[in-house]
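# what would the 3D arrangement of this be:
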Amino acid sequence: MKLNWKKTIQAALTLILIGWATPVLSSPAHILIDVRGNVQVKKSQWKDFIQAESGILLSSEDEIKLGSNSSVKVYCSDRNKWVLEEPGTYLVSQGCPEGEAVIRLCPDCNNPGGRFPTIKEEKLKELPYLISPRNTNVFNEPLTIRWNKVFGATSYTVKVEGEEEEWEKETNETQILYDGKLEPGEYYTVTVLADNGATSAQEDERQDLWFIVLEDQEAKTLREQVAVIKQQGLSQEQEGLTLAYFYRQNELNFEAIQVLEGLVKSRSQIATVYQLLGDIYRQVGLSLMAKEVYQQGLALTVEEEKSEVKAMMQLGLGLVEYVLGNRNEAVEWLEKARVNYLVLGKRLNKEDKELIDEVLGGN
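Just a heads-up that it's a prediction; the model follows:
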């Protein structure tokens, strides 16, 4: 069965309504890739300097302060590396001048742009919900489709539908290689049906889970930029975080998730890895997976009093618990996040503030 125009238009409207239109990108973003010793940062909207954390993004207006016997490397948005080793206070723009930016700050990236439907955690675990590719752009190449394992199910039927393509296969595994045809610029939906009757569509019957194949020229340009990043001589974690930011900015969530999952599997000790992966999971609606990875990341920040990364994970975990129907847990984490944001002097975006007020206000 081919997708009709009505469904295609409805899907396009859905993307706009939940915030998946191409985000408005702001200023260039620069990544702290190697923090050693007493290094502090102060973002333009913060009250004070706080201890720097590897993997965080800085804008040109932010500041870096080095103590004695300390150093830091900054991966600038134009792919140049800036090394600081002398004590002092530096404006980021001193070493990362404005220019053609490959990586930019993405204000909409941490904001799903709409609230995913609340579904109880116990119910969600019973569904073969789609893990990947899920609400993402993809390159025109074979895709591994993954989904949640369902207790009691012994086989799954996977269906991929496009304007001119319908592909369906059965497997006993929880992943399968999609070897059907992919058309550049085409919109596809994915549905997984377990043999016990549970289906991925039960997660949210109001909208499909989708992926869009990049147009050839856009894919070529992005691949060239990825190749340059990989030639920079960065460590595995530095390269992974840089690529993840780049992929996410271009809505290549499928690629970003693969890179970050690899770092988590290798037991990365950089909290930003877990925060970023949790944020992407949350953005595409993978609430259970976001919950798990946020918890892993927070375990790395137990001793840190002032930490933007910690505050972001507390906020993300609170919102995830809210979506999963765990109200008491949501209140606990959102209270912690609000306190930490106040300490940092950082303002929450409008939607997150409204949601926190809504949850805490009814407590």
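
# give the residue spans of this structure that score low on pLDDT.
Along the chain, the model assigns pLDDT under 70 to residues 1-26, 99, 107-108, 110-117, 347, 349, 362-363.

# tell me where it has helices.
Secondary structure of the chain (DSSP state H): helices at 5-17, 92-95, 121-124, 216-230, 236-249, 253-265, 271-284, 287-298, 308-323, 327-344, 350-361.

# which one of those helices lies closest to Y187?
Smallest distance to Y187 across the helices of the chain (CB to CB): 6.2 Å, for helix 5-17. To be clear about C-beta, it is placed using only N, CA and C from the backbone, and glycine gets the same treatment.

# pretty sure S287 sits against V320.
Yes. If you go by CB atoms under 8 Å, S287 and V320 touch, sitting 4.9 Å apart.

# neighbour-wise, which of these two wins?
V320 (28 against 24; other CB atoms under 10 Å).

# ok, now which ones touch the more buried one?
278, 282, 287, 290-291, 294 (CB atoms under 8 Å, 6 or more residues apart in numbering).

# ok, now with 10 Å
Counting by CB atoms under 10 Å, 6 or more residues apart in numbering, V320 touches 116, 121, 278, 281-282, 286-295, 326, 329-330, 333.

# roughly how far apart are the residue most central in space within the chain and R223?
The centre of the chain sits closest to I280, judged by CA atoms, centre = their mean, with a distance of 2.0 Å. Counting by CB to CB, to the nearest Å, the separation of I280 from R223 is 20 Å.

# K159 too?
K159 is 29 Å from R223, where distance means CB to CB.

# the two - which one has more neighbours?
Each of K159 and R223 has its neighbours counted (other CB under 10 Å); K159 has more, 16 against 12.

# what pairs with the more buried one across the strands?
Beta bridges link K159 to E168, T191, judged by DSSP bridges.

# and it, what does it touch?
By CB under 10 Å, 6+ apart, the contact list for K159 reads 1, 166-169, 189-193, 199-200.

# any of those buried? List them.
Buried members of those, counted by 16 or more other CB atoms under 10 Å: 167, 189-193, 199-200.

# from those, which is closest to L57?
Taking CB to CB as the measure, V190 is the one of these closest to L57, at 31.1 Å.

# tell me the contacts of that closest one?
Going by CB under 10 Å, 6+ apart, V190 touches 130, 132-134, 143, 145, 147, 158-161, 167, 178, 200, 208-211.

# among the residues you listed, which are located in strands?
Residues of the contacts of V190 located in strands (DSSP state E): 130, 132, 143, 145, 147, 158-161, 167, 178, 209-211.

# by neighbours, which of the residues you listed wins?
Highest neighbour count within the ones in strands among the contacts of V190: L130, with 27 neighbours (other CB under 10 Å).

# how near is that one to E329?
Using CB to CB, we find L130 at a distance of 25 Å from E329.

# repeat for K42
32 Å.

# partners of R146 in the sheet?
For R146, the beta-bridge partners under DSSP bridges are S132, Q175.

# surely it meets T174?
Yes. R146 is in contact with T174 according to CB atoms under 10 Å; the separation is 6.6 Å.

# so what's the residue sitting furthest away from the middle of the chain closest to, chain neighbours aside?
Distance from the C-alpha centroid of the chain, by CA atoms, centre = their mean, peaks at S68 (35.0 Å). Once flanking residues are discounted, S68 sits nearest to P87: 5.5 Å by CB to CB, 6 or more residues apart in numbering.

# now swap in R282 and tell me
Counting by CB to CB, 6+ apart, A290 is the residue found nearest to R282 once chain neighbours are left out, at 4.3 Å.

# what's the answer for D216, then?
Residue nearest to D216 in three dimensions, not counting chain neighbours: P184, with 5.1 Å by CB to CB, 6+ apart.

# and that neighbour, how close does it get to E237?
Separation of P184 from E237 (CB to CB) stands at 33 Å.

# okay, these two: which has more neighbours?
Neighbour totals were compared for P184 and E237, and E237 leads with 19 against 14 (other CB under 10 Å).

# quickly note the distance from that one to R146.
For E237, the distance to R146 - CB to CB - is 23 Å.

# V74 too?
35 Å.

# out of the helices of the chain, which is the most enclosed?
Across these, the average number of neighbours (mean count of other CB atoms under 10 Å) peaks for helix 271-284, which reaches a mean of 26.

# which neighbouring elements make contact with that one?
strand 130-132, strand 136-138, helix 236-249, helix 253-265, helix 287-298, helix 308-323 (3 or more CB pairs under 10 Å, 6 or more residues apart in numbering; DSSP states H and E).

# how much does that helix deviate in direction from helix 287-298?
Here the directions of helix 271-284 and helix 287-298 differ by 160 degrees (axes from the mean of the first three to the mean of the last three CA atoms, to 10 degrees).

# so what angle separates the directions of helix 271-284 and helix 236-249?
With the same axes, to 10 degrees defining the directions, helix 271-284 sits at 20 degrees from helix 236-249.

# what inclination does helix 271-284 have with respect to helix 308-323?
30 degrees.
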